[in-house]
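**Student:** Take this sequence and fold it.
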Amino acid sequence: MSLMNSPSVSVDSPTPAAWEELVTAALLGTDRRTPPGCAPGREAPAALLDTAAVETVRRRAGLQPARAARRPRPAPDDPRPALPPAAARRLAMLLADRPGGGGGRRGTAPDLMELLPQWLATVNDRGFAPPPETLPALLDAARGRTDLRPAALAFAGPRAVWLARLNPDWRFALRATPGGGAALPQLDDPAEVQQLWQEGLFAERVALLSAIRAREPAAARDLLATTWATERAEDRLMFLDSLRTGLGPPDEAFLEQALADRSRNVRATAAELLSALPGSALAARMAVRAGACVALDHTRDTPTIIVEAPHECDAGMERDGVVAKAPAGRGERSWWLGQLVEAAPLAAWPGRLGGRTPGEIVTLPVADDWQGELHAAWCRAAVRQRDGAWARALLGSPAAPEAGGPGAVSLAERAKLLGTLGPAERAEWVAGFIATHGLSEAFQLLGVCAVPWSGPLGRAVVDALNIARDAGSYPWSFSGVMGLAERCLDPAEASRLDGLLAVPDETEDASPGAGGYWAEAFQRLVTTLRLRAAMLDELKPPSPSGV
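**Tutor:** The predicted structure is shown next:
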């Protein structure tokens, strides 16, 4: 039956909000809301559909043609060399892979999405440009995984920003790209720099300040000082954070002024930056306060550190960044003590504690159960001041009992302390830790080691996995470490793992089927390592002709 001739449809008297009324009636149901132009009753649902069809035709027929939109500007050129064909095919495979859901056995196939970050890091290091047809998939991958965004956008280049302006789903690229993709002015042109600093969007100003800070720290600080008093508190905080790059003694005067800022967060950040300068006046003030709380008692049989935590948080302490209100469940005095010690220069403690070295200081007994609080504060100070000597002392020997040094109170603290050491020393310490304590606590420590793992570290991980397999347990307890090994082992180690691919004989006390699961896990590891080797080979620059 023709809709226009349907007796249940009124086409002569549409209401101004006819479509909205129809939608409301459809959502509520025709038994609760009579559709416009329809009679209530059993025929109301069919009448609703008829009316909706007529209204749809009317809305389309009444649509007036709009003025043609301006054509977008052509995409910018990408001057980088094109990706080699084999690597381009690999990229398409990596982007097409989607992580499976629901868990279960992974099988022996490599997890390609987990290899994408490493592939992106390598291709950015080699300086290739992506094939244009892969940009949409690359942006979609970066949209779904924030950890991919910096490397993915660096690889995608200027055309990613061009595409992001055309698709709202990719607007994150405009936010993540300094200045929304806008070109920074010539830093040698003071007029252009001043104009962008005074008139630019916040993202553009952050990008400008960061660029100048990386090139000429003093000029960036002076530029920030010109508008500091008129900036919003949240903007002052972000701008102040940029001073971490190239932080040095010349920044002290500006940071001292920021200690009087109206914003508590700005004051706290300024105090943190000043405490990272051991020669600053704030560090000296903190050294006096912390020194008044920690002393050496020579009257005992063994020299012992005694602690007298502050009894109040005065105005001077608060001005220097000490937060007065302790978190829930934390004692005020211990809270204040920790903040004083972590902000005091570590170089002051040997003179305060009998001329001892950091290694000797951390082995001293501490009275009245203050050792944990004191050593934890020293850990934070070593990380903040990037002091390798104190970090080594607090880490202790990797073979120490109870999986830690005398001052490393947690895995998180140990991981941060390791971050102050060089890559080779870091890997050596973690390898020793694994050789002594196995893999049960090693995951967080492995995460701070440089990739690919050094030979000794990689062998320590493989040996520990082999020991776990021989123990007869299931490999799932070590899935995190196994996943790291797939991404971080040197691909050259693949040949050493061939002996682990066979299913071992199961002992009486082994978990049923564990040997098969281990063989499967090692097969996936070997397959992934060989795939990584192929990926690296595909990204080698083409050889000069005739060579």
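**Student:** my guess is residue 198 meets residue 223, correct?
**Tutor:** No: if you go by CB atoms under 8 Å, residue 198 and residue 223 don't touch, sitting 10.2 Å apart. Where you see a C-beta, it was placed from the backbone N, CA and C, and this is true even at glycine.
**Student:** Show me what the residue nearest to residue 366 when sequence neighbours are not counted is bridged to.
**Tutor:** Nearest-residue entry for residue 366: residue 305, 4.5 Å, with adjacent residues in sequence omitted and distances by CB to CB, 6 or more residues apart in numbering. Beta-bridge partners recorded for residue 305 (DSSP bridges): residue 296, residue 366.
**Student:** And residue 305, how far from residue 80?
**Tutor:** 58 Å (CB to CB, to the nearest Å).
**Student:** which of these two has more neighbours?
**Tutor:** residue 305 (20 against 15; other CB atoms under 10 Å).
**Student:** Can you give me the distance of the residue nearest to residue 366 to residue 374?
**Tutor:** Distance from residue 305 to residue 374, by CB to CB: 7 Å.
**Student:** Spit out the residues that contact the two alike.
**Tutor:** Taking CB atoms under 8 Å, 6 or more residues apart in numbering as the criterion, residue 305 and residue 374 both touch 294, 366.
**Student:** what's the following helix or strand after the one helix or strand in the chain whose mean pLDDT sits lowest?
**Tutor:** Across the helices and strands of the chain, mean pLDDT, DSSP states H and E gives its lowest value to helix 172-176, namely a mean of 76. Using DSSP states H and E, the helix or strand that follows helix 172-176 in sequence is helix 190-199.
**Student:** any idea of the mean pLDDT in that next one?
**Tutor:** The average pLDDT within helix 190-199 is 89.
**Student:** for the following helix or strand past it, packing partners?
**Tutor:** Remark: after helix 190-199, the chain's next helix or strand is helix 202-215, criterion DSSP H and E. Helix 202-215 sits against helix 190-199, helix 217-227, helix 233-241, with contacts defined as 3 or more CB pairs under 8 Å, 6 or more residues apart in numbering; DSSP states H and E.
**Student:** what angle sits between helix 202-215 and helix 217-227?
**Tutor:** 150 degrees (axes from the mean of the first three to the mean of the last three CA atoms, to 10 degrees).
**Student:** now the most centrally placed residue in the chain, what's its secondary structure?
**Tutor:** What sits nearest the mean C-alpha location of the chain, by CA atoms, centre = their mean, is residue 147, with 6.2 Å. Here residue 147 is recorded as helix under DSSP: H, G, I helix; E, B strand; the rest coil.
**Student:** contacting residues around it?
**Tutor:** Counted by CB under 8 Å, 6+ apart, residue 147 has contacts residue 117.
**Student:** Model confidence at it, what's the number?
**Tutor:** At residue 147, pLDDT is 88.
**Student:** can you check residue 6 too?
**Tutor:** Here the pLDDT value assigned to residue 6 is 46.
**Student:** Quick check, the residue nearest to residue 366 in contact with residue 373.
**Tutor:** No: shown here, residue 305 and residue 373 do not form a contact pair, counting by CB under 8 Å, at 11.5 Å.
**Student:** how about stretch 139-150: buried residues?
**Tutor:** 139, 141, 142, 143, 148, 149, 150 (16 or more other CB atoms under 10 Å).
**Student:** Distance to residue 397 and secondary structure for the residues you listed - can I get that in TSV?
**Tutor:** Converted to TSV, these look like this (distance: CB to CB, whole Å; DSSP: H, G, I helix; E, B strand; the rest coil):
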residue	distance to residue 397	secondary structure
139	48	helix
141	43	helix
142	43	helix
143	46	helix
148	38	helix
149	40	helix
150	37	helix
